[in-house]
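S.K.: Generate coordinates for the sequence data below:
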Amino acid sequence: MADMKLKVGEKAPDFTLKNQHNQDVSLSSFKGKKVLLSFHPLAWTPACEIQMKTLELKHDDLEKLNTVALGLSVDSVPAKKEWADYLVIEKTDLLADFWPHGDVAKKYGLFIDNAGISGRANILIDEKGTIEWIRVYEIHEIPDIEEVIRHLREA
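M.R.: Prediction:
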């Protein structure tokens, strides 16, 4: 498990990454909305597949709660594109934290050096860019999206 270095109440580090369509996506472009950063270790793995399919499945529910979900891993844009097509991910941006390798995962304290991947985590950022909620998971654990939705409804 990665050692999360950021804490609730801190400013979320801004970033710009390419999505599966090779378009720039910046965290700061979502001001006024909540953002769920859903870090996963690698595309084409079973737990990550369920995690990203769940984001897609719950896209409309999250949107009703003024929340945008972003899936992040150290995979390249072409790998993200093929995987998104395979999973039929059409509404959710899958971001490539590929180069500099794992740079965003490192900023969030989620990069696992000896494996070259990010840890698995859900980080909720509020409308002003402040970290509101964090949950770091074991690598093989599948995040519970309902836990995020409950938090959003209660907040």
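S.K.: what's near enough to touch the most centrally placed residue in the chain?
M.R.: Geometric centre of the chain, nearest residue: residue 38, 2.4 Å, by CA atoms, centre = their mean. Neighbour list for residue 38: 51-52, 55, 69-72, 121-122, 143 [criterion: CB atoms under 8 Å, 6 or more residues apart in numbering]. Every C-beta, even on glycine, is put in place using the N, C-alpha and C of the backbone.
S.K.: ok, now with 6 Å
M.R.: Contact analysis of residue 38 by CB atoms under 6 Å, 6 or more residues apart in numbering lists 55, 69, 71, 122.
S.K.: Just flag the most distant two among the residues you listed.
M.R.: Greatest spacing in those, by CB to CB: 71 and 122 (10.5 Å).
S.K.: The two: which has the busier surroundings?
M.R.: residue 71 (27 against 23; other CB atoms under 10 Å).
S.K.: how many other residues sit next to the nearest residue to residue 13 once chain neighbours are set aside?
M.R.: Closest residue in space to residue 13, ignoring its immediate chain neighbours: residue 107 at 4.2 Å, by CB to CB, 6 or more residues apart in numbering. Residue 107 has 16 neighbouring residues, counting by other CB under 10 Å.
S.K.: what about residue 107, distance to residue 14?
M.R.: Using CB to CB, to the nearest Å, residue 107 is found at 9 Å from residue 14.
S.K.: Residue 20 too?
M.R.: Between residue 20 and residue 14 the computed distance is 21 Å (CB to CB).
S.K.: what about these two, which has more around it?
M.R.: Set residue 20 next to residue 14 and count neighbours by other CB under 10 Å: residue 20 wins out with 24 against 12.
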